[in-house]
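J.: Build the 3D model from these lines:
(one chain, ligands or ions: 1)
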Amino acid sequence: MESIMEKPVAVDAAAGGGGGGGAGRTRSDQLAPSQSLSRTASAETVLSNADTTSLSRKSSFGRKRTASAGGGGGGGGGNRHIRKSRSAQLKVDVEDLVSSSAALSRASSASLGFSFTFTGFTPPPQGMHYSADPTTFSDDDSPMDIEAGARRRKKLMTEPTLPIYLKFTEVKYRLSAKKGSPREILGGISGSVSPGEVLALMGPSGSGKTTLLSILGGRAGGGAVEGCVSYNDEPYSKSLKRRIGFVTQDDVLFTHLTVKETLTYAALLRLPRTMTRQQKKERAMDIIYELGLERCQDTMIGGSFVRGVSGGERKRVCIGNEILINPSLLFLDEPTSGLDSTTALRIVQLLHDIAEDGKTVITTIHQPSSRLFHKFDKLILLGKGSLLYFGKASEAMPYFQSIGCTPLIAMNPAEFLLDLANGNTNDVSVPSELDDKVHMENHTLENNNSKNDYRPSAQDVHEVKHEINVLML
Ligand SMILES: Nc1ncnc2c1ncn2[C@@H]1O[C@H](COP(=O)(O)OP(=O)(O)OP(=O)(O)O)[C@@H](O)[C@H]1O
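T.: Reported below is the predicted structural model:
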């Protein structure tokens, strides 16, 4: 890692980015009365514990919960009455959760899984009005609703963060082998991503997506890294570490904690001392609302032996754990793996919303649906550690068509690009250079009595692409 950090390159003017609407929709009209009541009551208790210095923000926060409960049909006055009558029997208040021995014993019985590494959160200004609109998604929203909700959704993540422009040039990664020469995992990958953009790293399994993501996130493993990675023209530093959120493929969560407990503990442990305990707890609740987790906030995370939240909800909790600290750079390793296409779309829409708040988002992705593919601003296509494409995601197909690679049947763009990266040219028209190479290699294989067909490698596609590029210049 040392070598890449010593020589940052000058950064060109940051490319424009962003785009896409925010996700979410209101769920208040579908809330069961009991859920509404308990949330309202809980909010009331939080309010009652509030110190006077942050009254205005807490009031708006209280209104927010009231509003969401009110969606179920209750008016303001009625809610107040309900809140009063229920306040005595509140059991799920955050204060109780944090101090209750039951919660603690459950926590201690689970394995420690948080990766509390960063603490660079700036507390929001007092009196900041947080959204009263709980219009985030839940698992039964339709994609149409998501789009509509995206327009309605107000943002919670309004605290300013340092915009970070990430640029990487000729990044190589080699692993030393016990026998023979070192194994090259990444061979000269270049690209950049601006605040407001979502960069997707796509490629077949084993192509080096996670390795590249880890290097960019300052988490390179034991191999040798070459090239240059710069953050606003600066090399990686300790202070930058505090501005990075990293959601790994297998983030470990406490099985027996509820969603609310998980995020509240994370807030209490990860947010800076300059924030009061109350502010931290409110921050956790804001995240719950922002990520549309209010309906499952009291559900246990669960695991192999305990039934808990759904896969999509679990992913959102992992993302919540990271966006709590309001990172400038957010890295995610396969946040949509194992999810159905609609839930995956919601997660990617969420990433869009986060980017729209001025964050820089980089995510690996396995096999996105076409709708999901079009949500990315930029794309890096990897094939066996080689860079096959870097540019706007929307221009990837036209680009490959311009060099003679076109799908022969209607195909999801991601599927087509992954086929190319895998060297699978069935149903794909490829340039004659590549075709010739396939025939030549097959001829050699026939002469050797081999039963296998030659499949062009990612390197072949890469080379052909390079030759064509040269011819086109
Ligand atoms: N520490 C390591 N030791 C041995 N091999 C490694 C190590 N790190 C990465 N590799 C190898 O590097 C290659 C790229 O791995 P990487 O996890 O980056 O791929 P990927 O594209 O993220 O794959 P997947 O989509 O399956 O997660 C793989 O062949 C992997 O086995």
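J.: nearest spatial neighbour of the residue of the stretch 51-200 of the chain found nearest the ligand, skipping sequence neighbours?
T.: Residue nearest to the ligand within the stretch 51-200 of the chain: residue 185 (4.3 Å; Cβ to the nearest ligand atom). Backbone N, C-alpha and C define where each C-beta goes, glycine included. Leaving aside its sequence neighbours, residue 185 sits nearest to residue 173 (Cβ to Cβ, 6 or more residues apart in numbering; 4.6 Å).
J.: The residue of the stretch 51-200 of the chain closest to the ligand against residue 382, yeah?
T.: No - look at residue 185 against residue 382 with Cβ atoms under 8 Å: they stay out of range, at 10.4 Å.
J.: Per-residue pLDDT of residue 158, please?
T.: At residue 158, the model reports a pLDDT of 51.
J.: Under the pLDDT cut-off, which ranges of the protein? List them.
T.: Low-confidence segments of the chain (pLDDT under 70): 1-159, 427, 431-473.
J.: what kind of secondary structure is the closest residue to residue 221 other than its chain neighbours in?
T.: Of all residues not flanking residue 221 in the chain, residue 214 sits nearest, at 6.7 Å (Cβ to Cβ, 6+ apart). Recorded secondary structure, residue 214: helix (DSSP: H, G, I helix; E, B strand; the rest coil).
J.: Burial check on residue 214, number of neighbours?
T.: 20 (other Cβ atoms under 10 Å).
J.: cool, the one 10 residues further on as well?
T.: Using other Cβ under 10 Å as the criterion, residue 224 is surrounded by 16 other residues.
J.: which helices and strands does the strand or helix carrying residue 171 pack with?
T.: Using DSSP states H and E, residue 171 maps to strand 166-175. Applying 3 or more Cβ pairs under 8 Å, 6 or more residues apart in numbering; DSSP states H and E, one finds that strand 166-175 makes contact with strand 183-193, helix 209-216, strand 224-231.
J.: Just say which of the ones you listed is most tucked in.
T.: Stretch with highest mean neighbour count among the helices and strands packed on strand 166-175: helix 209-216 (a mean of 23; mean count of other Cβ atoms under 10 Å).
J.: Strand 224-231 and that helix, what's the angle between them?
T.: With axes from the mean of the first three to the mean of the last three Cα atoms, to 10 degrees as the basis, helix 209-216 and strand 224-231 are set at 60 degrees to each other.
J.: List of residues touching helix 209-216?
T.: With contact meaning Cβ atoms under 8 Å, 6 or more residues apart in numbering, helix 209-216 is reached by 1, 4, 166, 168, 171, 173, 185-186, 189, 201-203, 220-221, 225, 229, 249, 331, 333-334, 362-364, 380, 382.
J.: Any chance you could list residues touching both of residue 185 and residue 382?
T.: residue 208.
J.: Buried subset of the contacts of helix 209-216 as a ChimeraX selection?
T.: Selection command for ChimeraX covering only the buried members of these, criterion 16 or more other Cβ atoms under 10 Å:
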select :1,4,166,168,171,173,185,186,189,201,202,203,220,225,229,331,333,334,362,363,364,380,382
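J.: Give me the neighbour count for residue 338.
T.: For residue 338, using other Cβ under 10 Å, the count is 13.
J.: Please name the bridge partners of residue 379.
T.: Per DSSP bridges, the residues bridged to residue 379 are residue 200, residue 391.
J.: I'd like the numbering to begin with 640 instead of 1 from here.
T.: Yes, from this point I'll number from 640; that puts the last item at residue 1018.
J.: correct me, but it touches residue 1038?
T.: No - here residue 1018 lies out of contact with residue 1038, judged by Cβ under 8 Å, at a distance of 10.0 Å.
J.: where's residue 955 relative to residue 978, distance?
T.: Residue 955 is 10 Å from residue 978, where distance means Cβ to Cβ, to the nearest Å.
J.: Got the domain ranges for the chain?
T.: 667-773+884-965, 1033-1111 (automatic domain parsing).
J.: just so I have it, where are all the strands in the stretch 940-1089 of the chain?
T.: Secondary structure of the stretch 940-1089 of the chain (DSSP state E, counting those that start in this stretch): strands at 968-971, 999-1004, 1017-1022, 1025-1031, 1045-1046, 1067-1068.
J.: I'd like the ones you listed laid out as a markdown table, including distance to residue 914.
T.: Shown next, in a markdown table, are those (distance: least, Cβ to Cβ, whole Å):
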| stretch | distance to residue 914 |
| --- | --- |
| strand 968-971 | 20 |
| strand 999-1004 | 24 |
| strand 1017-1022 | 34 |
| strand 1025-1031 | 39 |
| strand 1045-1046 | 52 |
| strand 1067-1068 | 54 |
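J.: a markdown table for these, including distance to the ligand?
T.: What follows is these, written out as a markdown table (distance: least, Cβ to the nearest ligand atom, whole Å):
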| stretch | distance to the ligand |
| --- | --- |
| strand 968-971 | 12 |
| strand 999-1004 | 6 |
| strand 1017-1022 | 7 |
| strand 1025-1031 | 12 |
| strand 1045-1046 | 22 |
| strand 1067-1068 | 21 |
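J.: got a list of what the residue nearest to residue 824 touches?
T.: Neighbouring residues of residue 812 by Cβ under 8 Å, 6+ apart: 823-825, 847, 850-851, 854, 859, 862-865, 1024.
J.: Just give me the closest of these to the ligand.
T.: Proximity of the contacts of residue 812 to the ligand (Cβ to the nearest ligand atom) peaks at residue 850, which lies at 3.4 Å.
J.: Look up how far residue 859 lies from that closest one.
T.: 8 Å.
J.: Check residue 979 too.
T.: Using Cβ to Cβ, we find residue 979 at a distance of 33 Å from residue 859.
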